[in-house]
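Q: Quick one, fold the following:
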Amino acid sequence: MILEVSPDSSAVVRGAAATILYLHIGGGLVGIVSGAAALVMRKGGQPHRAVGNVFFVSMLIMATIGAVVSPFLPEPQWPNVFIAAFVVYLIATSWGTIRRKEGSVGGFEFGALVVAVSVAIVAILVGTLALRAPNGEIDGLDYRVAFGFGSVWTLVAIADFKLILRGRVSGAQRLVRHLWRMCVALLIAVVSLFLGQAQMFPPSVRGTGLLFVPAIAVIASLLFWLWRVRFAKRWLPATSLN
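A: Numbering: from 1, shown residues only. Okay, here's the model as predicted:
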């Protein structure tokens with residue numbers, strides 16, 4: 001995300017633009033570091049909860065700024081709006097799941113469902129309009145990308161609906177819901193930095209494939225923890241993410 005401000009703009013405008021940009025970048029960097037730390041820390045302890053809260057706040061700042069600012073850039077970046085909104089949804093529901101009293105659901109889960117359904121409908125409508133456009137896109141948003149976002153949001157809406165129907169989230173299901181949502185949000189941030197902004201790294205690094213390592217590490221960590229939660233029964237009674 002690049003904020004372009006006219007040289008004739010006031011110092012206040014230039015300062016506000018710089019602050020927004022630094023908050024966006026800083027939030028993403030802190031989110032990546034704190035998310036990685038949360039993955040390797042012993043789960044359930046005070047350090048893990050503290051780092052998790054840092055991850056939640058920093059990612060929320062980064063993604064909210066991205067979602068709000070992207071439509072107003074010199075070239076509107078609508079895909080970034082859907083991606084940033086998805087990150088906000090993931091970290092909010094992940095955090096809410098682990099903060100929620102085990103074995104219960106409430107207004108927060110209903111609200112998450114409403115958001116997921118609403119964004120899915122918007123994405124599908126935008127995709128339909130883009131499909132009818134001469135070049136197959138609207139403001140740079142290709143109809144295939146819009147339908148892809150709509151499909152993803154539909155899947156998470158179905159997951160939220162099933163959770164509400166069950167009327168409870170507990171045990172391994174609760175941990176899995178927390179883990180995959182946190183890790184996918186972290187993965188999006190990692191990919192956005194190391195692959196989406198690859199030009200920031202030296203050519204010697206870009207040509208080695210090292211920029212793929214952080215994303216692979218996040219995916220591997222997610223698979224490991226999902227396996228451990230699902231199948232390592234001896235681990236579950238002794239460890240809690242509360």
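Q: which ones are touching the residue nearest the centre of the chain?
A: Relative to the mean C-alpha position of the chain, the nearest C-alpha, by C-alpha atoms, centre = their mean, is the one of Val87, at 2.2 Å. With contact taken as C-beta atoms under 8 Å, 6 or more residues apart in numbering, Val87 is in contact with Met59, Met62, Ala63, Gly66, Ala185, Ile188, Ala189. (C-beta placed from N, C-alpha, C; glycine too.)
Q: ok so it is a helix residue?
A: Yes: residue state for Val87 (DSSP: H, G, I helix; E, B strand; the rest coil) corresponds to a helix.
Q: tally of neighbours for the closest residue to it other than its chain neighbours?
A: Leaving out its chain neighbours, the residue that sits closest to Val87 by C-beta to C-beta, 6 or more residues apart in numbering is Ala63, at 3.9 Å. For Ala63, the count of nearby residues is 28 (other C-beta atoms under 10 Å).
Q: name the element Ala63 belongs to?
A: helix 46-69 (DSSP states H and E).
Q: Would you state the helices of this protein in chain order?
A: In order along the chain, the chain carries the following helices (DSSP state H): 11-40, 46-69, 78-99, 107-132, 143-166, 171-194, 203-206, 213-231, 235-238.
Q: for this structure, where's the lowest mean pLDDT among helices and strands?
A: Using mean pLDDT, DSSP states H and E, the weakest-scoring helix or strand in the chain turns out to be helix 235-238, at a mean of 44.
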